[in-house]
Each structure stands twice: as C-alpha cells, then as structure tokens.
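Trainee: Here is a sequence together with a model predicted from it:
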Amino acid sequence: MSRFIQAMPDPPDPHTGDPLLRSWLRCHLDGDGRTAGSRLADLAAEAAGPLREAHRQAEARPPELVRYDPWGARIDHIDTPAGWQAHREAAVRHSLAALPYLPGAREQWGAGARVVQHALLHIYGPESATYSCPVAMTDGAAALLTHPEIDSPVRERWLPRLISTDPDTAIASGQWMTEASGGSDLARAATTAVPAGDGSWRLHGDKWFCSAIDAEVAVALARPEGVEGGSRVLVPFLVPRYAADSPLSRPGEHPRAPAPGVRVHRLKDKLGTRALPTAEVGLDGAYALPLGDPYQPGLVRMMTLVRVARLHNAAAAAGGMRRGLAYACAYAGSRQVAGGRLAASPLHRATLGTLGVDTAGAFALAGHAFALLGRVEVDGDADAEAELRIVAPLAKLATARLSVAAASEYLECFGGAGYVEDTGIPRLLRDAQVLPIWEGTTNVLALDVLRAVVREDAGKRLLARLDRTAEEAAAPQVSDTLAAAAGDLRRALAAVAADPYADAVVAGARGLALRMAYALAAALLAGWGDEVADVAAQLWTRRWLAGEDIAVAAHQQSDALCG
C-alpha cells in the first residue's frame, strides 16, 4: 500500500495573480503603470523562485552573535546566512527603500512613486525573511535625512548610501528607540548625549530592542545632557554601527569591527521574525551625529521616521494577508476531502471569501496611506498631510489586528499541517503577531488618534471622505451604512473634543479608532471603481460596520475575492 503524500502547491504569481493589486496601480498611476508593471513582474519572478528559497534558508538558520574572534578580541559579529544576504541584495537592486527618493521615479510617477513602492513591498514582504523590516527603517531614516532641519554635510554623506541601488555601496539603517525603563513611555528614556566639541556627540545608555542590528547605521533617540522636559526634547542621532564609519576607530581596525562605544549585549529570542537579528545594545561614548538642532525638541523630527515605519508595518500586514490567502486557496484547490476538493465546500469557500474581504480592506488602508505620503512628499499637499496624520495610525493599528486574526485562520485552513513547523505555515502567525507591537501597540496608536483629533481636528477630513463616498456609492446598502457610520463617528468625535481626558473617552479610544479605520476602509473600497473592490466594499460594510454574518455571500463571491 503506497503512502499518501499531500503536496503543497505553489500559490499563483504574486503580481499577475493579484487582480486588486493591478487594479490599484491602474487607478493611481493614471495609465502610466506599464513600467511599474515591468518592475513588479521582475520582482515577482524572483520572489516566487530564488527569494522564496532564500527565505526558507534564512528562517532555518537564525542569526548568531559571535562575541569574540579566535584571538579573544571582542568583535560582536552578527553571523547571518546566505538567504538573509540574498534578500538584502534583492531589496537594494529592486529599490525597495530607495524608489521614492530617486529622481527618475519621481519624474515618471510623481507622487505615485510611493504607490509603486507599496506595490513592490506587497510582493516582496511576505517571504522576505522579514528583511522588509530593515527596508522600513532605511526608508524612515532616508525620510528623516531629507528633513529641512538636517545639516547639509550629514545629509550629503549618508543619504546617498541609504538610497543607493548598488548592493556594493548601499547601507541599511536600524532604529534604536526602545529602552527597558520606558518602552513606549519615551519620557523615561535614559540614554544621554554629550557634546564632543566638534559637532559630534557621544551617547551613553542601553537600548533594549534594536532590530536589524547588522545594519551599518542606526537612528537612536537620546536626551542631550542637562536637558529636561519629558519626551519632546529627545533628539534623533545617527550612530555608525561599524568601525569603518566611526572617527573614533583605531588605525588598522577591521572595517566590520564594532564602532567604539557600541556593544551588542545579546540577540533577542523572539516568538517570530526569527531570521531578523534583533539585539540589546549598550552605548558607552558611541560617536553620534545629531539629526537637527540638538537643543531644539527633536521628537517631532523622529516622528518622520516613525510615520514611514508605521506605513511599512501596514504594508507588511496587508501583504502577509494576501500571501496567506494565496497559499490557503492553492491548498484548498488541491486538497481532497469527503470525495471532493476542499475548495468546493460551501463552508470552506465562505471562510476563504471572508478572508478575501478582510485582505481587500487591509490592502486599501495600506495603499491609501502610501498614496497620501507620496502627495505630501512630492506635491507638498497640505490636505494630504492633514489626512495622513490620522490615516497613518489608523492604517497601522487596523491592518495589524486584521493580520493576526487572518494568520490564525490560515493555519486552521491547513488543519494539522498548519501547526507543524517544517511546513512553514506556523511562521505566518508567529510573524504576524509582531505587527500590533512594532511602531506602537494598538492602545498607543489609539491615543495618537485621539491627539490628532483634539489638537489638529484630524477627524474632519476622515468624516468628509465618508460623507462624500456615502453620497456617491452606487450600492444603496453601502451608501446608507456609511452615512450612518459617519453620523455615529461625528457624535463620538464631538464627545472627544468636548472632554478629551474623560475616562469614557480614553477607555473607548481603541474601539473608536477601529471604527474609524473600518469606516475608512469601506469608503476606500467603495470609491475604488473596481468590480472586485465593489464586492469587497459591500461585504466589508456588512461585516465591519453593520455587524452582519456574510458567510453565504462570501461563499458566493469566493472566486472573485480570492483572485
């Protein structure tokens, strides 16, 4: 008797097999999507082949910290496998961080350069062994260096390396914010910066969670010596990670030796993102360059980086949901149960269709945030800037939570195989779980939304978008439900403005933020102008705004929603 083996089919091409992605590009690039399509096709071919294998290899052999060389010298070398390096090189070659800053991309697509970047991330991120994290932080560091307050010599030295498309010259950036004493409470940050007299500074302290510790530089938050006053006065500093870039290095020092004053205490043993080297770092007189005037409050400048990283977090969530859906649908198409294919079961089709609805909503939220950022950076669009102030945290918090729920469902779609590590499926859940934590937890972001509503009246533009879509939506149920949601939110935001520190307002901040995000996703899907998006809009509105069970309709529309 032969042994039965259930093969895991490959999902469809991540570019040609994703109709919503292609539709989004047509909608936002005004017909100039041909070259973008060529870029995406090239990356998709690599992602479905060598990069998928590199991903598996990197996951199978996590990074290791080698503290000493054979002769006893402290080297703090991060040993990463070839798969990790392959993803680094691919990210650089495909301009994943650099694209929005390249003159050619801005000339061709204008504000749409961020739209193209988001599409590239959507294809690359899900099987990048989480190299998408260094991409996010490198993009954020580049955005910070373009800030007008940054000294020109600092920008001219470091920005070209961060946005290089040559793997031999490109560098990546880490982000060193989190400390054990404070976590998200930045006011308790204890890392101090001491002026050195030549324009540079020396950092002293400990950073508790530093992702991409193998990156060549990091942006670290520190408090200038003698400056008090909570978190606003914290200043971002650029810190070289290796001897090659630190003026404090001794002559003849190996270029990849640790920069003087930078010590890696240990690597983090994490639930997920295991291929990504994350560490605790000690700073003892480390060379650093202030990014902006160190005697002026700098947290607002650091938020330039954080905002970009939050958008990447949303892209990672939406991209992971889409790839998980592709895997689950491919498996359902080949798995035989009860005399037929799993994909023929109305119950399973309802499950997959519902996941397709959530995936479409997450993609719309992430894509809209990137589109707004492009308008801010290229066009100086003040309205886009005001809307992005609230869309960035909403997109991040909502997509992150959707991603975790979807990943759990994807594991269940594979039955027992979904719980077995060597299938690779459990990684979907382990990696998704970090998304509600990185760049601010759901509660932290919900409070950020409240601040935007109170201080900047940011809810006004969200309500205007909901009102406009409610008036224009072709489907009566979408129109009526959106109008009702806008009315509820208008009343809730008025209560926030009246007494923003009331217990009821603060306690309800998470629920309010999620309702805002769900309403925004409904409006984006309804205003898209795509047949599949229209279906998703109707089912999303019923599911997330009206609280209805959409199982029957999701079964009926499963083929369209799953691509």
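Mentor: Now that the structure is in, tell me what you want to look at. Worth saying up front: this structure is predicted, and the values here are computed from it rather than measured.
Trainee: can we go C-alpha only for contacts and neighbour counts from here?
Mentor: Will do.
Trainee: Determine how far the last residue of stretch 288-308 lies from the first.
Mentor: One end of stretch 288-308 to the other measures 22 Å (C-alpha to C-alpha, to the nearest Å).
Trainee: Give the buried residues for it.
Mentor: Across stretch 288-308, burial judged by 16 or more other C-alpha atoms under 10 Å covers 288-292, 294, 297-299, 301-302, 304-308.
Trainee: Which one of the residues you listed is nearest to G511?
Mentor: R307 (21.6 Å; C-alpha to C-alpha).
Trainee: Counting by contacts, list what the host helix or strand of that closest one packs against.
Mentor: Secondary structure assigned from DSSP states H and E places R307 in helix 299-334. For helix 299-334, the elements it packs on are helix 113-124, helix 132-145, strand 235-240, strand 340-341, helix 346-379, helix 382-413, helix 426-432, judged by 3 or more C-alpha pairs under 8 Å, 6 or more residues apart in numbering; DSSP states H and E.
Trainee: will you turn those into JSON lines that also has mean pLDDT and mean neighbour count?
Mentor: Converted to JSON lines, the helices and strands packed on helix 299-334 look like this (pLDDT from 0 to 100; neighbours: other C-alpha atoms under 10 Å):
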{"stretch": "helix 113-124", "mean pLDDT": "98", "mean neighbour count": "27"}
{"stretch": "helix 132-145", "mean pLDDT": "98", "mean neighbour count": "26"}
{"stretch": "strand 235-240", "mean pLDDT": "98", "mean neighbour count": "27"}
{"stretch": "strand 340-341", "mean pLDDT": "92", "mean neighbour count": "13"}
{"stretch": "helix 346-379", "mean pLDDT": "98", "mean neighbour count": "24"}
{"stretch": "helix 382-413", "mean pLDDT": "97", "mean neighbour count": "23"}
{"stretch": "helix 426-432", "mean pLDDT": "96", "mean neighbour count": "23"}
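Trainee: now stretch 322-337: mean pLDDT?
Mentor: Averaged over stretch 322-337, pLDDT sits at 94.
Trainee: Name the residues of that stretch that are buried.
Mentor: By 16+ other C-alpha under 10 Å, the buried positions in stretch 322-337 come out as 322-332, 334-335.
Trainee: Next, find the distance separating E531 from P134.
Mentor: Using C-alpha to C-alpha, E531 is found at 36 Å from P134.
Trainee: cool, D358 as well?
Mentor: Distance of D358 to P134, given as C-alpha to C-alpha: 27 Å.
Trainee: Just give me the residue closest to the centre of this structure.
Mentor: Ranked by distance to the mean C-alpha position of the chain (C-alpha atoms, centre = their mean), the top residue is N313 at 1.6 Å.
Trainee: For that one, give me its contacts.
Mentor: Counting by C-alpha atoms under 8 Å, 6 or more residues apart in numbering, N313 touches 136, 396, 400, 435, 438-439.
Trainee: tell me the two of the residues you listed that are most distant?
Mentor: By the measure C-alpha to C-alpha, A136 and A400 form the most distant pair in the contacts of N313, at 15.4 Å.
Trainee: And the chain, what are its domain boundaries?
Mentor: For the chain, the structural domains run 173-298, 458-550, going by automatic domain parsing.
Trainee: Centre of the chain to the worst-scoring helix or strand of the chain on mean pLDDT, how far?
Mentor: The helix or strand of the chain with the poorest confidence is strand 336-337; it has a mean of 88 (mean pLDDT, DSSP states H and E). In terms of C-alpha atoms, centre = their mean, to the nearest Å, the centre of strand 336-337 is set 37 Å apart from its chain centre.
Trainee: what's next to it, contact-wise?
Mentor: For strand 336-337, contacts defined as C-alpha under 8 Å, 6+ apart pick out L342.
Trainee: And for the residue nearest to K396 when sequence neighbours are not counted, the neighbour number?
Mentor: Nearest non-adjacent residue to K396, counting by C-alpha to C-alpha, 6 or more residues apart in numbering: A314, 4.8 Å away. A314 sits with 31 neighbouring residues when counted by other C-alpha atoms under 10 Å.
Trainee: again with the one 5 residues further on
Mentor: Here the count is done by other C-alpha under 10 Å, and G319 has 28 residues near it.
Trainee: how close does the nearest residue to it once chain neighbours are set aside sit to E280?
Mentor: The spatially closest residue to G319, leaving aside those adjacent along the chain, is H122, at 4.6 Å (C-alpha to C-alpha, 6+ apart). Note on H122: its distance to E280, by C-alpha to C-alpha, is 30 Å.
Trainee: And E456, by the same measure?
Mentor: 36 Å.
Trainee: Same check on G380?
Mentor: 38 Å.
Trainee: just L512 next, same as before
Mentor: Separation of L512 from E280 (C-alpha to C-alpha): 35 Å.
Trainee: Isn't Q6 up against R335?
Mentor: Yes - assessed by C-alpha atoms under 8 Å, Q6 is found in contact with R335 at 7.4 Å.
Trainee: where does the stretch 151-300 of the chain have low pLDDT?
Mentor: For the stretch 151-300 of the chain, the stretches with pLDDT under 70 are 182.
Trainee: Which parts of it are helices?
Mentor: Secondary structure of the stretch 151-300 of the chain (DSSP state H, counting those that start in this stretch): helices at 152-162, 299-334.
Trainee: returning to what we had before: dump the buried residues of stretch 322-337 to JSON lines, plus distance to A180.
Mentor: Listed next are the buried residues of stretch 322-337 as JSON lines, based on distance: C-alpha to C-alpha, whole Å:
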{"residue": "R322", "distance to A180": "35"}
{"residue": "R323", "distance to A180": "34"}
{"residue": "G324", "distance to A180": "34"}
{"residue": "L325", "distance to A180": "37"}
{"residue": "A326", "distance to A180": "39"}
{"residue": "Y327", "distance to A180": "38"}
{"residue": "A328", "distance to A180": "39"}
{"residue": "C329", "distance to A180": "42"}
{"residue": "A330", "distance to A180": "43"}
{"residue": "Y331", "distance to A180": "43"}
{"residue": "A332", "distance to A180": "45"}
{"residue": "S334", "distance to A180": "48"}
{"residue": "R335", "distance to A180": "47"}
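Trainee: of all the residues you listed, which comes closest to L489?
Mentor: Comparing these against L489 with C-alpha to C-alpha places R322 closest, at 29.3 Å.
Trainee: who's in contact with the closest one?
Mentor: Listed by C-alpha under 8 Å, 6+ apart, the contact set of R322 reads 356, 359.
Trainee: Okay, it and A343: tell me how far apart.
Mentor: 17 Å.
Trainee: what's T441 sitting at in phi/psi?
Mentor: Main-chain dihedrals, T441, degrees, to the nearest 10: phi -70, psi 170.
Trainee: Skipping adjacent residues, who's closest to it in space?
Mentor: Take T441 and drop its neighbours on the chain: the residue closest to it by C-alpha to C-alpha, 6+ apart is L397, 7.5 Å away.
Trainee: Spit out the contact partners of that neighbour.
Mentor: Counting by C-alpha under 8 Å, 6+ apart, L397 touches 314, 436, 441-442, 445-446, 514.
Trainee: For burial, what's the neighbour tally of P277?
Mentor: 26.
Trainee: repeat for T80
Mentor: Using other C-alpha under 10 Å, T80 is surrounded by 18 other residues.
Trainee: so what's G340 bridging to?
Mentor: Beta bridges link G340 to V337 when assigned by DSSP bridges.
Trainee: Would you quantify the distance from the closest residue in space to L347 that isn't next to it in sequence to D549?
Mentor: Of all residues not flanking L347 in the chain, H555 sits nearest, at 7.2 Å (C-alpha to C-alpha, 6+ apart). According to C-alpha to C-alpha, H555 stands 12 Å off from D549.
Trainee: Likewise for L539?
Mentor: 9 Å.
Trainee: Looking at those two, which is more packed in?
Mentor: Taking neighbours as other C-alpha under 10 Å, L539 and D549 compare with L539 leading, 26 against 13.
Trainee: Pull the contacting residues for the residue nearest to W176 when sequence neighbours are not counted.
Mentor: Using C-alpha to C-alpha, 6+ apart and skipping residues adjacent in sequence, the residue nearest W176 is A220, 4.5 Å away. By C-alpha under 8 Å, 6+ apart, the contact list for A220 reads 175-177, 236-239.
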